[in-house]
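Undergrad: return a 3D structure for these sequence lines:
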Amino acid sequence: MDQVRVGIVGAGIMGHAHADVLQGHPGAVVTAVTSRRRGPAEELAAHVGGARVHAGYQELVADDAVDLVIVATPDHLHADVVVAAAEAGRHVLVEKPFTTSAVDADRALAAVRKAGVKAMTVFNHRWVPSYAQAKDRIAAGDIGTPVLGYARKNDRIHVPTRMIPWAADTTVSWFLSSHDIDLVCWLFDDQVEEVYANAVRGRLAGLGFDTPDAIQAQARFRSGGVATFEACWIYPDTFPTMTDSFVEIVGSDGVIHLDRKVEQIEIATATAHEYPRNLLQRTVHGRPAGAVAEAVWHLVDCITDDTEPLVSLESSRHVTAVLEAIHRSIETGAPASVAESTVAHPPEAD
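TA: Numbers count the residues shown, from 1 in each chain. Next up is the predicted model:
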């Protein structure tokens, strides 16, 4: 395949982000777009140079000018699009989280495996250089066996109140901790078997957004290690960076700290002091760069070269099951087991 033809489902922030990074890959072209509202889809189509606009995802996945479908819809709308794309014989790249229930994850995973197409969730943190370096050092045995993890990803209140219009349809764990759960499972080279979680409500509910302010969950891994996942999105908008992101991995013989609050640049002006973010998304000399671009380009290359993606769909299904268990624990007030997959292909820890 000389060029991968891409259809994008969703014309919001990530739909545009994927379109931009694809324009920086010589082996990819956006040929089709769709969205719940036609106006944004037409704007995105014009942005990429005149892609075809479809009335819905069913029409887009049936388009023979599409090889790869990118699912950039709100979290709770991923599963049906993944299934439809796979059944139409299209490769699939889906935004995180893979799905918002283990049942839907198994349904989507089964459709992908039956069709034999390439599929990957955009857990782009695996392409952040410091995280990839940490993975290599842990694999080399530099800190011994990972036994304790802590991952914090906290956002300004701007995110649930103004950035995403569907905050009430998700939670801060689905939106933020999904990245950290994938990352820590990858670094531990292990899977979670049980979680205990609590949520805090009040600030967002008072503003009319029916979603938790913060969630903290403790996870026990099969090997006996434990990790805490913290997510919050009520930081004041005066905080100098959009996201406060920190990961710690304690091993039997060492420790790794990964602090992304300051990403190599600090700027103070007459009106603000900020730490601009650049590791995930940036433009360097007019060309898209960063972990998001590298993750998207990776799947394009996997399709072209017929190789397997770094992020297996089985590992993404596990992240969904962990998140589902977190929310079940919040509801019951008790520890919750992580559901095993019902799909014949066994789950993997990459």
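
Undergrad: when you work out contacts or count neighbours from here on, use the C-alpha atoms and nothing else.
TA: OK.

Undergrad: tell me the pLDDT of the closest residue to Thr31 other than its chain neighbours.
TA: Distances taken as Cα to Cα, 6 or more residues apart in numbering put Ala51 closest to Thr31, at 4.6 Å, once the chain neighbours are dropped. pLDDT recorded at Ala51 is 96.

Undergrad: any idea how far Ala51 is from Pro40?
TA: Separation of Ala51 from Pro40 (Cα to Cα, to the nearest Å) stands at 13 Å.

Undergrad: who's more crowded, those two?
TA: Neighbour comparison, Ala51 and Pro40: the larger count goes to Ala51, with 21 against 17 (by other Cα atoms under 10 Å).

Undergrad: pretty sure that one contacts Val33?
TA: Yes. Contact criterion Cα atoms under 8 Å: Ala51 and Val33 qualify, at 6.7 Å.

Undergrad: common neighbours of those two, please.
TA: Taking Cα atoms under 8 Å, 6 or more residues apart in numbering as the contact rule, Ala51 and Val33 both touch Ala45.

Undergrad: for Leu279, pull up the helix or strand it's in.
TA: Leu279 belongs to no helix or strand when assigned by DSSP states H and E.

Undergrad: tell me the SS of Ile143?
TA: coil (DSSP: H, G, I helix; E, B strand; the rest coil).

Undergrad: count of neighbours near the spatially closest residue to it that is not a sequence neighbour?
TA: Distance criterion Cα to Cα, 6+ apart; nearest residue to Ile143, sequence neighbours excluded, is Gly254 at 4.1 Å. Using other Cα under 10 Å, Gly254 has 14 neighbouring residues.

Undergrad: also Ala62?
TA: The number of residues packed near Ala62 is 15, by other Cα under 10 Å.

Undergrad: where exactly do the helices run in the stretch 51-200 of the chain?
TA: Using DSSP state H, counting those that start in this stretch, the helices found in the stretch 51-200 of the chain span residues 57-61, 78-87, 102-115, 129-139, 158, 172, 178-188.

Undergrad: hang on, isn't Gly254 packed against Val147?
TA: No. If you go by Cα under 8 Å, Gly254 and Val147 don't touch, sitting 10.2 Å apart.

Undergrad: that older thread, which stretch among the helices of the stretch 51-200 of the chain is buried most, on average?
TA: helix 172 (a mean of 26; mean count of other Cα atoms under 10 Å).

Undergrad: check which helices and strands it sits against.
TA: Packing partners of helix 172 (3 or more Cα pairs under 8 Å, 6 or more residues apart in numbering; DSSP states H and E): strand 226-235.

Undergrad: got the CA coordinates for the top helix by length along the chain in PDB?
TA: Assignment by DSSP state H gives helix 313-332 as the longest helix of the chain. What follows is helix 313-332, C-alpha atoms only, in PDB (Å, rounded to 0.1, in the frame of the first residue of the first chain):
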ATOM      1  CA  LEU A 313      -5.900  -4.000  21.600                       C
ATOM      2  CA  GLU A 314      -5.900  -6.600  24.300                       C
ATOM      3  CA  SER A 315      -3.900  -4.300  26.600                       C
ATOM      4  CA  SER A 316      -6.400  -1.500  25.800                       C
ATOM      5  CA  ARG A 317      -9.300  -3.800  26.700                       C
ATOM      6  CA  HIS A 318      -7.600  -4.300  30.000                       C
ATOM      7  CA  VAL A 319      -7.400  -0.600  30.700                       C
ATOM      8  CA  THR A 320     -11.100  -0.400  30.000                       C
ATOM      9  CA  ALA A 321     -11.800  -3.200  32.500                       C
ATOM     10  CA  VAL A 322      -9.600  -1.600  35.100                       C
ATOM     11  CA  LEU A 323     -11.500   1.700  34.700                       C
ATOM     12  CA  GLU A 324     -14.900  -0.100  34.800                       C
ATOM     13  CA  ALA A 325     -13.800  -1.700  38.100                       C
ATOM     14  CA  ILE A 326     -12.800   1.700  39.500                       C
ATOM     15  CA  HIS A 327     -16.300   3.000  38.900                       C
ATOM     16  CA  ARG A 328     -17.900  -0.100  40.300                       C
ATOM     17  CA  SER A 329     -15.800   0.300  43.400                       C
ATOM     18  CA  ILE A 330     -16.900   3.900  43.700                       C
ATOM     19  CA  GLU A 331     -20.600   2.800  43.500                       C
ATOM     20  CA  THR A 332     -20.300  -0.100  46.000                       C
END
